[in-house]
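Asks: 3D, please:
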Amino acid sequence: MYQLPKIEFPKLKTPKFKQVEGGWRPKSWQNKIFWFVILIIFVSSVFGFLAGAISSHYFYSELKNYFSKLNIEIPEPQITEEEKVTEKQPVYLPQTTQEERIIQVVKNVSPSVVNIIITKDVPIIEEYYINPFEEFEQFFGEPLPEFEIPEYRQEGTEKKEVGGGTGFIVSEDGMILTNRHVVSDEDADYTVFTNDGKEYPAKVLARDPIRDLAVVKIESEEIFKIVKLGDSSNLQIGQTVIAIGNALGEFRNTVSVGVISGLGRTVTASGGGVIETLEDVIQTDAAINRGNSGGPLLNLKGEVVGINFAMAQIAENIGFAIPINKAKKDIEQVKTLGKIVFPFLGVRYVLITEKIQKENNLPVNYGAWIIEGNKGEAAISSGSAAQKAGLKENDIILEFDGEKITTENTLAEIIMEYNPGYKVVLKILRNGKEKIVLATLGEMSQ
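Replies: Take a look at the predicted model:
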């Protein structure tokens with residue numbers, strides 16, 4: 001058992017009190033000091049509060065006057081929205097800025113997005129049945145077993161809807177931009193339906209088979225609301241985009257939202273018996289369904305940054321759009337020339353990679369190698385700009401007007417930035433030696 005040491009507590013000094021009626025209180029001089037201190041504290045607090053309020057108001061006014069002379073504004077004290085809300089006022093959470101922008105973009109752009117309906121005269125086929133033994137009954141003198149086989153015959157033609165797509169209005173007189181594959185049938189008739197349900201006949205002004213673009217014109221004297229064209233050169237992966245189109249040819253102005261999933265893609269698309277390879281296209285996860293072809297891909301400013309044209313059927317949410325910058329030249333050419341023209345060099349070539357370099361023992365791993373086609377097609381087109389410039393088979397075009405030709409920056413892509421008649425400088429490699437060649441681009445139209 002532990003024994004604690006002896007602990008002595010200090011003795012407390014007892015103040016001197018005197019007994020009075022009702023209890024004990026300090027002596028008279030001590031009582032006066034006590035209440036005097038209390039009074040000083042109270043008066044100091046009151047005057048301190050008043051001095052603080054007056055000085056803050058005075059210095060705020062003086063500072064405001066001083067900064068106003070320097071053209072610097074001091075914001076007035078603001079009451080927050082939370083302070084304004086009382087118990088009787090319900091609090092509503094506002095929509096996010098992105099949601100508001102998407103809704104506003106759809107409202108603004110939808111009147112300029114149209115449905116393009118394709119109709120065509122198709123034969124009316126009638127099916128009927130015949131008995132092939134009927135003519136032999138009289139010969140044999142007795143009925144033969146009944147046996148019928150189907151036969152078909154054409155009973156005229158009828159106008160029938162055979163397809164549809166989307167487009168958007170780019171000029172007030174009703175000029176529409178869409179995909180070439182939407183209006184590729186030259187024997188078909190085209191009708192445009194606007195978002196307000198109006199119907200207009202339309203005609204195809206020009207087709208661009210290289211970029212899968214086409215310009216259609218509404219045959220009307222009305223003035224139409226147009227879209228605003230953006231700049232597709234500044235797009236960023238992850239940027240929010242909006243697709244509007246005639247989904248499945250049935251659901252007018254269907255809206256889908258996503259992001260830009262990739263840039264500079266090369267895509268080989270097929271449909272309607274046509275196979276096309278397009279370079280430098282936009283990949284997006286915004287849903288692009290059948291019938292969306294030709295519709296706009298928009299940024300959150302409501303500007304068109306692409307033209308929707310294809311989707312990947314073996315995957316989910318992989319769609320593709322043509323950058324709008326590639327369409328601007330087509331629109332201007334149709335307005336000024338009434339047609340779309342293309343610069344033409346006139347060479348058949350293969351883009352050189354490291355693999356092609358090794359397989360063919362070439363001196364460089366980049367450039368456009370001019371060779372004949374697999375079926376004997378000429379490497380240099382007769383009468384073309386390439387022939388006039390003196391290019392020959394097995395030449396390698398290294399640079400086109402100062403731009404290096406690679407698999408990421410192809411010759412076809414570079415040429416499309418120029419107009420027919422433009423004079424260009426070609427750096428070529430012939431027999432191991434570099435050479436400079438001047439060429440004047442020719443013209444090719446649809």
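
Asks: hey, let's count contacts and neighbours off CA atoms from now on
Replies: OK.

Asks: Pull out the buried residues from stretch 375-394.
Replies: Within stretch 375-394, the residues scored as buried using 16 or more other Cα atoms under 10 Å are 378-380, 384-387, 391, 393-394.

Asks: Oh, that last question was meant for stretch 354-371, not what I typed.
Replies: By neighbour count on 16+ other Cα under 10 Å, the buried set for stretch 354-371 is 356, 362, 364-371.

Asks: quick one: which of the residues you listed sit in strands?
Replies: Among those, DSSP state E puts 368-370 in strands.

Asks: Check which residues of stretch 399-416 are buried.
Replies: Applying 16+ other Cα under 10 Å to stretch 399-416 flags 399-400, 404-406, 409-411, 415-416 as buried.

Asks: pLDDT averaged over it, what's the number?
Replies: On average, the pLDDT along stretch 399-416 is 90.

Asks: Ok, stretch 115-124 next?
Replies: Across stretch 115-124, the average pLDDT comes to 80.

Asks: In it, which residues are buried?
Replies: So, applying 16+ other Cα under 10 Å, buried residues of stretch 115-124: 115-120.

Asks: can you check stretch 237-252 too?
Replies: Buried-residue list, stretch 237-252, by 16+ other Cα under 10 Å: 240-249, 252.

Asks: try stretch 160-176
Replies: For stretch 160-176, by 16+ other Cα under 10 Å, it's 163-171, 173-176.

Asks: Kindly report the same for stretch 286-305.
Replies: By neighbour count on 16+ other Cα under 10 Å, the buried set for stretch 286-305 is 286-300, 302-305.

Asks: what's stretch 197-212 in contact with?
Replies: 179-181, 183-184, 189-193, 213-220, 276, 278, 322, 326, 330, 334, 338-340, 446 (Cα atoms under 8 Å, 6 or more residues apart in numbering).

Asks: cutoff 7 Å now
Replies: Stretch 197-212 is contacted by residues 179-181, 190-193, 213-219, 278, 339-340, 446 when judged by Cα atoms under 7 Å, 6 or more residues apart in numbering.

Asks: What subset of those is buried?
Replies: 179-181, 190-193, 213-218, 339-340.

Asks: roughly how far apart are Leu351 and Glu399?
Replies: Between Leu351 and Glu399 the computed distance is 12 Å (Cα to Cα, to the nearest Å).

Asks: With Asn431 instead?
Replies: Using Cα to Cα, Asn431 is found at 16 Å from Glu399.

Asks: Please identify which pair of the buried ones among the contacts of stretch 197-212 lies farthest apart.
Replies: Largest separation among the buried ones among the contacts of stretch 197-212 by Cα to Cα: Phe193 and Ile340, giving 25.0 Å.

Asks: Spit out the contact partners of the residue nearest to Val350 when sequence neighbours are not counted.
Replies: What sits nearest to Val350 in space, not counting adjacent residues and going by Cα to Cα, 6 or more residues apart in numbering, is Trp369, at 5.2 Å. Residues in contact with Trp369 (Cα under 7 Å, 6+ apart) are 349-352, 394-397.
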